[in-house]
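Just the structure for this:
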Amino acid sequence: MTLTVLAPDGVPEIRAGEDLAALVVTALAPVDGDIVVVTSKVISKAEGRVVTGTDRAAAVAGELAEPGARLVARRGPTQIVRTRLGLTMAAAGVDASNVELGSVVLLPLDPDGSARTLRRAVAELTGANIGVVVTDTAGRAWRTGQTDIAIGAAGLLVLDDHSGRTDAHGNELAVTAPALADELAGAAELAQGKLTARPFALVRGRGDLVLPAGHDGPGAAALVRVEGEDLFGYGAREAVVRALTGDPADRAPFGAPAPTEEVVDAVTRVLGVPPVVDGERLVCPPDPRLAPLAFALGWVVQEGAEKMSIQPFTP
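Predicted structure coming up:
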């Protein structure tokens, strides 16, 4: 297999209302089976998502105020935010680079929608059936540096679920699922660079990932874990504070209630004595540490005069 990535120079500065499809066709001349990769920044610029006269901190605060957004972790001025789109990114994806001084760029309102619009427009101009990926830069837990990921996609197989398949040795695969759209985003970024004014890239050689015309697929939204399914819903410090606070609104990121055996082990480790299992309840000696522990595990405390019990939380 041969994979070719082309990221041409000469793309002009993008302004609000710009015809991105025309620029893409001029720069890339895509044909059937090609995958067009576009940075979210030029999508945002074309869609008027540049904010002038505000600093990055104020813009991040505005994004945090959006319904569904929340703070995941903070270290000094650095804030990791789960945006209203479910993307977990530094500074909520607000970017102050490669933009005029005194301005910041917000993420597109609907990256998958932007990808669908671009795909249709390119098809109208060229007749070509292509895939589209909208990218942004993100850090990774436990890894230094950043890489590009797909935050929008259209006409593309974004995830290849290997569950149930067997490898060459006969081992059944259970959780292997390559994030194809993210891999394409990373490959394109190698050619685009960060300071080179190459916001468009064309990936050729993986036409097998392009969906038939008229079928856009689930988009990059399919790569976002549902709230509570991620094992790292909060940063380490934030998780402690949230559990001690016990705000019901904070339950979702801690996930579904832990199974009884896991809770028994946790209570035993923290309190030093095992709880008494009484059906779905665990009876424990009174201890102020039990309430935040139960909250973190998705359980709730019922207090008594001489004993406390905990049981799984039900909405």
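
Look through this protein and tell me its longest strand.
Of all the segments of type strand in the chain, defined by DSSP state E, the longest one is strand 143-154.

And the pLDDT for the spatially most central residue of the chain?
In the chain, the residue lying closest to the centroid (Cα atoms, centre = their mean) is residue 87, at 3.2 Å. The model reports residue 87 with a pLDDT of 96.

okay, now the closest residue to it other than its chain neighbours: neighbour count?
Spatial nearest neighbour of residue 87, excluding adjacent residues (Cβ to Cβ, 6 or more residues apart in numbering): residue 151 at 5.9 Å. C-beta here means a position set from N, CA and C on the backbone, and glycine is covered the same way. When counting by other Cβ atoms under 10 Å, one arrives at 33 neighbours for residue 151.

I'd say residue 151 and residue 220 touch.
Yes. Counting by Cβ atoms under 8 Å, residue 151 sits close enough to residue 220 to count as a contact (5.5 Å).

between these two, what contacts are shared?
Shared contacts of residue 151 and residue 220, defined by Cβ atoms under 8 Å, 6 or more residues apart in numbering, are found at 111, 134.

Which residue ranges of the stretch 1-150 of the chain form helices?
Applying DSSP state H, counting those that start in this stretch to the stretch 1-150 of the chain gives helices spanning 20-28, 40-46, 56-64, 111-126.

now the angle from the last one to strand 143-154?
In this case it means helix 111-126. For helix 111-126 against strand 143-154, the angle by axes from the mean of the first three to the mean of the last three Cα atoms, to 10 degrees is 60 degrees.

average model confidence for helix 111-126?
Helix 111-126 comes out at a mean pLDDT of 98.

Could you list the buried residues of that helix?
111-123, 126 (16 or more other Cβ atoms under 10 Å).

Domain ranges for the protein, per the record?
Using automatic domain parsing, the domain parsing of the chain gives 4-40+110-223, 50-107, 236-312.

Could I get those domains in a markdown table, plus columns for distance to residue 229?
Converted to a markdown table, the domains of the chain look like this (distance: least, Cβ to Cβ, whole Å):
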| stretch | distance to residue 229 |
| --- | --- |
| domain 4-40+110-223 | 12 |
| domain 50-107 | 11 |
| domain 236-312 | 7 |
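
tally of neighbours for the closest residue to residue 23 other than its chain neighbours?
Spatial nearest neighbour of residue 23, excluding adjacent residues (Cβ to Cβ, 6+ apart): residue 11 at 6.5 Å. Look at residue 11: counted by other Cβ under 10 Å, it has 18 neighbours.

doesn't residue 215 fall inside a helix?
No. Under DSSP: H, G, I helix; E, B strand; the rest coil, residue 215 sits outside any helix and is assigned coil.

Now do the same contact list for it.
residue 155.

Low-confidence stretches in this protein?
162-163, 175, 304-306 (pLDDT under 70).

so what's residue 236 up against?
Counting by Cβ under 8 Å, 6+ apart, residue 236 has contacts residue 73.

Kindly report the same for residue 187.
By Cβ under 8 Å, 6+ apart, the contact list for residue 187 reads 3, 5, 203.

With adjacent residues omitted, what lies nearest to the last one?
The reference is to residue 203. For residue 203, the spatially nearest residue (Cβ to Cβ, 6+ apart) is residue 35, at 4.3 Å.

can you redo the contacts of residue 187 as TSV with distance to residue 161 and neighbour count?
Below are the contacts of residue 187 laid out as TSV (distance: Cβ to Cβ, whole Å; neighbours: other Cβ atoms under 10 Å):
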residue	distance to residue 161	neighbour count
3	22	10
5	25	18
203	21	26
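
from those, which single one is nearest residue 92?
Using Cβ to Cβ, residue 203 comes nearest to residue 92 of the contacts of residue 187, at 27.9 Å.

Can you tell me the SS state at that closest one?
At residue 203, secondary structure determined by three-state DSSP is strand.

Quickly list what it is bridged to.
Assessed by DSSP bridges, residue 203 has beta-bridge partners residue 5, residue 35.

Am I right that it is in contact with residue 186?
No. Counting by Cβ under 8 Å, residue 203 sits too far from residue 186 to count as a contact (10.8 Å).

Quick one: neighbours of the closest residue to residue 54 other than its chain neighbours, just the number.
Nearest residue to residue 54 in three dimensions, chain neighbours excluded: residue 104, at 6.5 Å (Cβ to Cβ, 6+ apart). Residue 104 has 25 neighbours, counted by other Cβ under 10 Å.
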